[in-house]
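Undergrad: Provide a 3D model corresponding to the input given below.
(4 chains)
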There are 4 protein chains.
Amino acid sequence: MNVGFIGLGRMGRPMASNMARKGFRLVVNDINPDAVKELEELQASSAPTAAEVAKKSDVIITMLPDGPVVREVVGGADGIIANAPKGALIMDMSTVEPGTTDDLAAQAKAKGLRYVDAPVGRLAAHADRGESLFMVGAELEDFELVKPMLEAMGTTIYHCGGVGTGTRTKLVNNFLAVASCQFNAEALALSQGLGLNLESTLDVIYGTTAMNGQLKINWPDKVLAGDTSPGFTIDLAHKDLSLIMQAANTAKVPMPMAAAAREMFSAARARGFGAQDFSAMVDAHCDLANIEKPRLKK
Amino acid sequence: MNVGFIGLGRMGRPMASNMARKGFRLVVNDINPDAVKELEELQASSAPTAAEVAKKSDVIITMLPDGPVVREVVGGADGIIANAPKGALIMDMSTVEPGTTDDLAAQAKAKGLRYVDAPVGRLAAHADRGESLFMVGAELEDFELVKPMLEAMGTTIYHCGGVGTGTRTKLVNNFLAVASCQFNAEALALSQGLGLNLESTLDVIYGTTAMNGQLKINWPDKVLAGDTSPGFTIDLAHKDLSLIMQAANTAKVPMPMAAAAREMFSAARARGFGAQDFSAMVDAHCDLANIEKPRLKK
Amino acid sequence: MNVGFIGLGRMGRPMASNMARKGFRLVVNDINPDAVKELEELQASSAPTAAEVAKKSDVIITMLPDGPVVREVVGGADGIIANAPKGALIMDMSTVEPGTTDDLAAQAKAKGLRYVDAPVGRLAAHADRGESLFMVGAELEDFELVKPMLEAMGTTIYHCGGVGTGTRTKLVNNFLAVASCQFNAEALALSQGLGLNLESTLDVIYGTTAMNGQLKINWPDKVLAGDTSPGFTIDLAHKDLSLIMQAANTAKVPMPMAAAAREMFSAARARGFGAQDFSAMVDAHCDLANIEKPRLKK
Amino acid sequence: MNVGFIGLGRMGRPMASNMARKGFRLVVNDINPDAVKELEELQASSAPTAAEVAKKSDVIITMLPDGPVVREVVGGADGIIANAPKGALIMDMSTVEPGTTDDLAAQAKAKGLRYVDAPVGRLAAHADRGESLFMVGAELEDFELVKPMLEAMGTTIYHCGGVGTGTRTKLVNNFLAVASCQFNAEALALSQGLGLNLESTLDVIYGTTAMNGQLKINWPDKVLAGDTSPGFTIDLAHKDLSLIMQAANTAKVPMPMAAAAREMFSAARARGFGAQDFSAMVDAHCDLANIEKPRLKK
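TA: I've put the predicted structure just below:
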């Protein structure tokens, strides 16, 4: 079985590499020749266009920057759907708005192709180590087909339901993960503004239901330790929040806290924090409010 | 040593009872004669006024409904500070705005009295079982004095710093615990609005940093199981959020998500959800948005 | 008739001065001796305490910094209510929360005193020139009594209804006046962020209903007259807001009020108001909050 | 000169009809044959596709439902840009995001075509009567060319600046017009919630700067002229907003825009703007967002 892999960026490159290392026969494509060369050194073959990849593959994986690019590469005039052999399976792992997934899945089905959406949780560093998390929307038999591939790239695989549920679950999950950065920012800014000791405040929060995953797991080694180098940037988090607001407004689900959070991400970007780790939302908020940034004592 | 205990409401009554059962010599006072009688059956004595309690006690504990009542009972013309013997220690365990704590602590100090703020975390059911959590603001030697009393009433005791830090830490902690109900409400309303399966969505959230204490620990047995009987009501949560906003605005800490959350608590109250458990914010939000309420399958 | 005037601050001083100049016989009181002296030069007499002022006056006017001060000066143990002669009228012109007005009015009534709330609109410079605006809550005969006094201090007098309506109307009015500063801030920040010419932008805004022409020009014949047939639907308005948020986020212009508004349009759509005229947002909001819809009497 | 007109919907149909009645030689196109027939009865000719319209016209007007449709009809493989004769002018009157206007204008320029964006203000009923308002982004000579056409369709024409400024100005203007519906909704809901008489409340509001008199009456001589000396300070405005929020929450009237506004006042105070005039909120917001402050040219 040949597996096409299109999109060898910061996430796609280690994901494809891990598949190649675990013995999958890959046909790759990317605009960056260095990335292609790296995969070739791992015994992958390559093709010059997405159309060529599609023609040669039984499963075609896409890991692309955003919805419009996915629409073009998968559904465009010279794209994957137009060129894949009947019965082939397309698995899009990009983060896109649900409408894109739904449209492309319908197009694929009309051409006798199978479609799976499997966006990626966790960070680039996890992808490097083959420790990603996947939220998969797929018919059961399609899920069985892609499962070994996902196991080559990650450690945690959720089958969320039929096609489209992977994309949608990612939005819900990322809302909590991303917006909780502003949520925590407000809490810790308040703590600083009230003159509390950071260590004592965190002790209490960690011991109650006030706790959340970002604050307990990610932040102590990131922003609270003074490390704002990006695992996941504020710019990307803002992009995700924008997709979330778009999906929510389309579904007529009012999200006032999400909306408030997004504007603070916008303010953080305006103030030059966009390229920092999303935990640095607390630095952006404290800067905005003239409050000292919270840092744990070593 | 005599310990005065003023305020035998839903929280104060079991707290005092636990102290009495563990052998503390109490002098109690409350407007409700049934509550007083219950304590007398546990060998506590009683006094007809706060002033009388103060005169007879070395430590005076207050557990009262709000800041204005605390100001009157503790700092009023005929209150505790005016009547307590020199050197006595006042421990206010009510939830009040920091300004109230600061003012009363200063008044107490000026009269040669000691002051501790020790608001209570967790729910009434925990108080019943002597499993409360306390956030204590106190000088070290004062903390040592009250510690055995707190151990009689609860299992988890945080010494947050000097006088006033207990009250402030409670506000920060409660912000995250309370506002996360609206935060989760938006996430689950989005999940419902996007047609996702609740169990699958929660599986994913629980496995990532999107998780928070309310959603993981409290909600599965409360609102998500269809139980909205109050552990802690939306009305009380709204009151806490109001204190939080007041403290934050006084400290010039902008909290846009908190502000958005508070208005949704206000809407929930307007729509008749005020007496339900604060996890029922998700029901209020789904009702507002014409979305089916999320319920776990048995 | 003697008129007591307590509170000669930035607003009270020119107000009292204007009364004195127009021939009212004043008894004044303030902590600032310079202000008292200035009034004495205008033939006012003075008294050392609020209680003394009250004893000597038929009408007692208060213009004080905030609610707690008003509670003390008017309702305190040694305050106006405790000392005014039976039948006297108290007119509080301070800006306070409605509960303060209601409590003090009830206290006054119980002592056989009359009570009027008449907070001030417009700025200090208007007070200097005797051009203030007053929102008066009063029984009709009480209003007749104070009207000449108000005419000595200002040019525009609204009798809003019974006691307490002056204070409440001021809150509603000030909400629009004050919050519109942030509303405008977001609009002009967006204009700047999009690189528009300020003069041209204002030309357009001034020529349309964008400036709250909605409330004055459109609404009286639409929703407030019960006509919610669409000139422009809530659905289309929501679409426009979505474009606006997209443009603003792309330009990194944070717009928290716009974001809050959009989510309420989303809620209105979820609740079935999408096809109605966009002025029907007030119906949607009142529905959401269980409040009667506003309708003008024919 | 032939004028193409593509898009005869609720707005386009009366606009084209008014042009036809005033003697313009139109070539129309729409998917709805009834609309086309109505225009033919007014002596317009028609063409079966946008491409055919473009080939026959010197000026091509588009009035289409949204950005993606405009992108396809104007910029698509078989669209207007691909088919219009060199030197032709395209005027898009649809409401689209600025990026769409910018992209299409650049495409048009590259093919030797001229581009104008002229979105429409006011409602469908105004379009029926030829009383629309237009916000035009155009080079000066292009503006001169389309001006007589716009005069045939409306009464108020603003030349906002170069290409793209019409679209952007519409967004700013519509933000105020549309979001003011929720702004008013909150004010009137509060009025109802506080039990006020609607007519009296509106009387007061209409007589003060509460209705966006701020922007028209106060601001040009204050912040927009660079004068931020306080008539009424941001600190006092924040205090008023705090009273308002307290009253609203007590009355269970949710006010999400008010809450968002108050937090921005809090941020302005934290950043040192508290003692400035409340019109300086726009300076505070631009500072927060790294945007140049708006100032009128002398």
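
Undergrad: ok, and the closest non-adjacent residue to the residue of chain A positioned farthest from its centre?
TA: Each residue of chain A has a distance to the centre, and by CA atoms, centre = their mean the biggest one is for residue A:195: 36.5 Å. Excluding the flanking residues, the one nearest residue A:195 by CB to CB, 6 or more residues apart in numbering or on different chains is residue B:168, at 7.5 Å. (C-beta placed from N, C-alpha, C; glycine too.)

Undergrad: what's the helix or strand for the one you found?
TA: Element membership of residue B:168, judged by DSSP states H and E, is helix B:165-193.

Undergrad: show the pLDDT at the residue farthest from the centre of chain A.
TA: Per-residue pLDDT puts residue A:195 at 94.

Undergrad: swap in the one 3 residues further on?
TA: Predicted confidence (pLDDT) at residue A:198: the value is 95.

Undergrad: roughly how far apart are it and residue A:295?
TA: Using CB to CB, to the nearest Å, residue A:198 is found at 7 Å from residue A:295.

Undergrad: where does residue A:130 sit: helix, strand or coil?
TA: At residue A:130 the chain is in coil, as set by DSSP: H, G, I helix; E, B strand; the rest coil.

Undergrad: next up, the contacts around it.
TA: A:14, A:18, A:152, A:153, A:154, A:155 (CB atoms under 8 Å, 6 or more residues apart in numbering or on different chains).

Undergrad: do you know how far it is from residue A:122?
TA: 11 Å.

Undergrad: got it, and residue A:165?
TA: According to CB to CB, residue A:165 stands 19 Å off from residue A:122.

Undergrad: which of the two has more residues huddled nearby?
TA: residue A:165 (25 against 21; other CB atoms under 10 Å in any protein chain shown).

Undergrad: give the contact list for the spatially closest residue to the more buried one that is not a sequence neighbour.
TA: In space, and not counting its chain neighbours, residue A:165 is closest to residue A:137: 3.8 Å by CB to CB, 6+ apart. Residues counted as contacts of residue A:137 (CB under 8 Å, 6+ apart) are A:101, A:116-118, A:160-169.

Undergrad: quick revisit: got any residues that touch both of residue A:130 and residue A:122?
TA: Both residue A:130 and residue A:122 are contacted by residue A:154, under the criterion CB under 8 Å, 6+ apart.

Undergrad: circling back to that earlier point, most neighbours out of the contacts of residue A:137, which is it?
TA: Counting neighbours by other CB under 10 Å, the top entry in the contacts of residue A:137 is residue A:117, with 31 neighbours.

Undergrad: and the residue nearest to residue A:165, bridged to which residues?
TA: With DSSP bridges as the criterion, residue A:137 is bridged to residue A:117, residue A:161.

Undergrad: before we move on, the earlier item: now for residue A:198 and residue A:295: what residues contact both?
TA: Contact criterion CB under 8 Å, 6+ apart; residues shared by residue A:198 and residue A:295: residue A:224.

Undergrad: the more surrounded of the two?
TA: Neighbour count, other CB under 10 Å: between residue A:198 and residue A:295, residue A:198 has more, with 17 against 12.

Undergrad: not counting sequence-adjacent ones, nearest residue to the more buried one?
TA: residue A:294 is the one closest to residue A:198 (CB to CB, 6+ apart), at 5.0 Å.

Undergrad: quick check, that neighbour in a helix?
TA: No - when classified by three-state DSSP, residue A:294 is found to be coil rather than part of a helix.

Undergrad: just checking, it touches residue A:282?
TA: Yes - at 6.2 Å, residue A:294 counts as touching residue A:282 under the criterion of CB atoms under 8 Å.

Undergrad: list residues touching both of those two?
TA: Residues touching both residue A:294 and residue A:282 by CB under 8 Å, 6+ apart: A:188, A:223.

Undergrad: report pLDDT for the nearest residue to residue A:138 once chain neighbours are set aside.
TA: Take residue A:138 and drop its neighbours on the chain: the residue closest to it by CB to CB, 6+ apart is residue A:116, 4.2 Å away. Note on residue A:116: pLDDT of 98.

Undergrad: how much space separates residue A:116 from residue A:1?
TA: As for residue A:116, its distance to residue A:1 is 15 Å (criterion: CB to CB).

Undergrad: residue A:102 too?
TA: Using CB to CB, residue A:102 is found at 27 Å from residue A:1.

Undergrad: which of the two has more residues huddled nearby?
TA: Neighbours per residue (other CB under 10 Å) separate residue A:102 from residue A:1, with residue A:102 holding more: 16 against 9.

Undergrad: is that one in contact with residue A:164, as I believe?
TA: Yes - at 5.5 Å, residue A:102 counts as touching residue A:164 under the criterion of CB under 8 Å.

Undergrad: quick one, phi/psi of the residue in the stretch 1-150 of chain A that chain C sits nearest to?
TA: In the stretch 1-150 of chain A, the residue that lies nearest chain C is residue A:97 (12.6 Å; CB to the nearest CB). The phi/psi pair for residue A:97 (degrees, to the nearest 10) reads phi -70, psi 150.

Undergrad: how about residue A:192: what's its closest non-neighbour residue?
TA: residue A:291 (4.7 Å).

Undergrad: for the stretch 151-298 of chain A, what spans make up the strands?
TA: Here the stretch 151-298 of chain A has its strands, by DSSP state E, counting those that start in this stretch, at A:154-161.

Undergrad: grab the nearest non-local neighbour of the spatially most central residue of chain A.
TA: Central residue of chain A (CA atoms, centre = their mean): residue A:120, 4.8 Å from the mean position. Among residues not flanking residue A:120 along the chain, residue A:132 sits closest, at 5.2 Å (CB to CB, 6+ apart).

Undergrad: give the contact list for that neighbour.
TA: A:15, A:120, A:121, A:122, A:126, A:153, A:154, A:155, A:156.

Undergrad: now those residues in JSON lines, please, with extra columns for pLDDT.
TA: Converted to JSON lines, the contacts of residue A:132 look like this (pLDDT from 0 to 100):
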{"residue": "A:15", "pLDDT": "98"}
{"residue": "A:120", "pLDDT": "96"}
{"residue": "A:121", "pLDDT": "91"}
{"residue": "A:122", "pLDDT": "89"}
{"residue": "A:126", "pLDDT": "94"}
{"residue": "A:153", "pLDDT": "98"}
{"residue": "A:154", "pLDDT": "97"}
{"residue": "A:155", "pLDDT": "96"}
{"residue": "A:156", "pLDDT": "96"}
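
Undergrad: pull out the buried residues from those.
TA: Among the contacts of residue A:132, those classed as buried by 16 or more other CB atoms under 10 Å in any protein chain shown are A:15, A:120, A:121, A:122, A:126, A:153, A:154, A:156.

Undergrad: apart from its chain neighbours, what residue comes closest to the last one?
TA: Spatial nearest neighbour of residue A:156, excluding adjacent residues (CB to CB, 6+ apart): residue A:133 at 4.1 Å.

Undergrad: verify the contact between that neighbour and residue A:123 for me.
TA: No - using CB under 8 Å as the test, residue A:133 is too far from residue A:123 to be in contact (10.1 Å).

Undergrad: next, count neighbours for the residue in the stretch 101-250 of chain A that chain C sits nearest to.
TA: Ranked by CB to the nearest CB, the top residue of the stretch 101-250 of chain A for proximity to chain C is residue A:249, at 5.3 Å. Applying other CB under 10 Å, we find 22 residues neighbouring residue A:249.

Undergrad: pLDDT at it, what is it?
TA: Note on residue A:249: pLDDT of 93.

Undergrad: residue contacts, the closest residue in space to it that isn't next to it in sequence?
TA: With sequence-adjacent residues excluded and distances taken as CB to CB, 6+ apart, residue A:249 is closest to residue C:266, at 5.3 Å. By CB under 8 Å, 6+ apart, the contact set of residue C:266 is A:248, A:249, A:252, A:253, A:254, A:255, C:238.

Undergrad: could you chop chain A up by domain?
TA: Using automatic domain parsing, the domain ranges for chain A come out as A:2-163, A:169-289.
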